[in-house]
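Colleague: sequence below, structure please.
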Amino acid sequence: MIDPKKLFEDFLGGGANKSGGPAAGGKGSGWTDNLGTLATGALGGGVIGLLLGSKKVRKFGGSALGYGGAAVLGGLAFKAWQDWQAKRAPAPAQAPVQQPLALPPPSSPFDLETQSAAGGGDARIAVVRAMIAAAKADGHIDATEQRALFDRIGQLGLDTEQKAFVMDELAKPLDVAAIAALAATPEQAAEIWLASRLAVDPDDPREKAYLDDLAARLKLPDGLAAHLEAQASTVG
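Modeller: Reported below is the predicted structural model:
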């Protein structure tokens, strides 16, 4: 059986702090001040780095080290949701920030480690599926690239089940409706969209169209996508 936590962290390549910091997904008042990464491919060795290819590899800077990717993603989505509910104007695009970011409350709808996706699956696995699909949205993963990815994935430290899962997802036809159907709650819809946004180049028209279609199918409330985009701009 796949360990959702291990799959999530191995896929993203960020992992938890190996030097005694809080464990992945640990709860506290905020992030540490050290530089950390989420989707760092070359730095973290995650599968997402292979999928992004020549695209800009995105990092969660400043505040992520010591926490797993699920906690970081949940924190960013939670902040976007709070700003949207408060009817604040979305922040303009900015460079990666080093300021603390509050963790979502334990067992809240934004706590991926305690939530189930639609159909009862683990929410973290749903997010991994969403990121793989988004990485394919520009069509650059053709049959030749897919074979090369399979070879490289085989060299990573994934177990047999993890490798099979990733390869199966890569081989599936792109189906935005199926990805949208993974969200069990509006909060999960926000996290799935944000994770997808972090796996694309928003300046590519095909990927921008995919994000717009996904937002519509997820039924994101008016204005929420702009706040999620603002949070995405804080990682670089």
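Colleague: give me the number of residues near residue 184?
Modeller: 18 (other Cβ atoms under 10 Å). All C-beta atoms are positioned from the backbone trio N, CA, C, and that covers glycine.
Colleague: test my guess that it contacts residue 112.
Modeller: No: when contacts are counted by Cβ atoms under 8 Å, residue 184 is not listed as touching residue 112 (11.7 Å).
Colleague: state the distance from residue 151 to residue 125.
Modeller: 24 Å (Cβ to Cβ, to the nearest Å).
Colleague: of these two, who's got more company?
Modeller: Higher neighbour count among residue 151 and residue 125: residue 125, with 19 against 9, using other Cβ under 10 Å.
Colleague: what's the distance between the more buried one and residue 8?
Modeller: For residue 125 relative to residue 8 (Cβ to Cβ), the value is 8 Å.
Colleague: and for residue 186?
Modeller: With distances taken as Cβ to Cβ, residue 186 is found 21 Å from residue 8.
Colleague: higher neighbour count, those two?
Modeller: residue 8 (27 against 14).
Colleague: how about the strand or helix carrying residue 148: buried residues?
Modeller: According to DSSP states H and E, residue 148 maps onto helix 143-153. Of the residues in helix 143-153, 149, 153 count as buried by neighbour count, 16 or more other Cβ atoms under 10 Å.
Colleague: ok now that helix, how far from the chain's centre?
Modeller: 22 Å (Cα atoms, centre = their mean, to the nearest Å).
Colleague: what inclination does the very next helix or strand once past that helix have with respect to helix 143-153?
Modeller: Elements were assigned by DSSP H and E; along the chain past helix 143-153, the next helix or strand is helix 160-171. Helix 160-171 and helix 143-153 are oriented at 160 degrees to each other (axes from the mean of the first three to the mean of the last three Cα atoms, to 10 degrees).
Colleague: average pLDDT for helix 160-171?
Modeller: For helix 160-171, mean pLDDT is 90.
Colleague: and that helix, what does it pack against?
Modeller: Where contact means 3 or more Cβ pairs under 8 Å, 6 or more residues apart in numbering; DSSP states H and E, helix 160-171 is packed against helix 4-12, helix 123-135, helix 143-153.
Colleague: of all these, which one is nearest residue 209?
Modeller: With Cβ to Cβ as the measure, helix 123-135 is the member of these nearest residue 209 (11.8 Å).
Colleague: and the residue positioned nearest the centre of the chain, what element?
Modeller: With distances taken as Cα atoms, centre = their mean, the residue of the chain nearest its centroid is residue 195 (3.1 Å). Using DSSP H and E, residue 195 sits in helix 186-198.
Colleague: can you give the distance of that helix from its chain's centre?
Modeller: Its chain's C-alpha centre and that of helix 186-198 lie 8 Å apart, by Cα atoms, centre = their mean.
Colleague: right, and the helix or strand after that helix?
Modeller: Helix 186-198 is succeeded, C-terminally, by helix 205-218 (DSSP H and E).
Colleague: ok, back up a step: present the helices and strands packed on helix 160-171 as CSV; the columns should include distance to residue 47 and mean pLDDT.
Modeller: Formatted as CSV, those follow (distance: least, Cβ to Cβ, whole Å; pLDDT from 0 to 100):
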stretch, distance to residue 47, mean pLDDT
helix 4-12, 5, 83
helix 123-135, 8, 94
helix 143-153, 6, 82
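Colleague: what helices or strands is the helix holding residue 195 leaning on?
Modeller: For helix 186-198, the elements it packs on are helix 69-85, helix 123-135, helix 176-180, helix 205-218, helix 224-232, judged by 3+ Cβ pairs under 8 Å, 6+ apart.
Colleague: for the chain, which element, helix or strand, carries the lowest mean pLDDT?
Modeller: In the chain, the helix or strand scored least confidently by mean pLDDT, DSSP states H and E is helix 47-52, which has a mean of 76.
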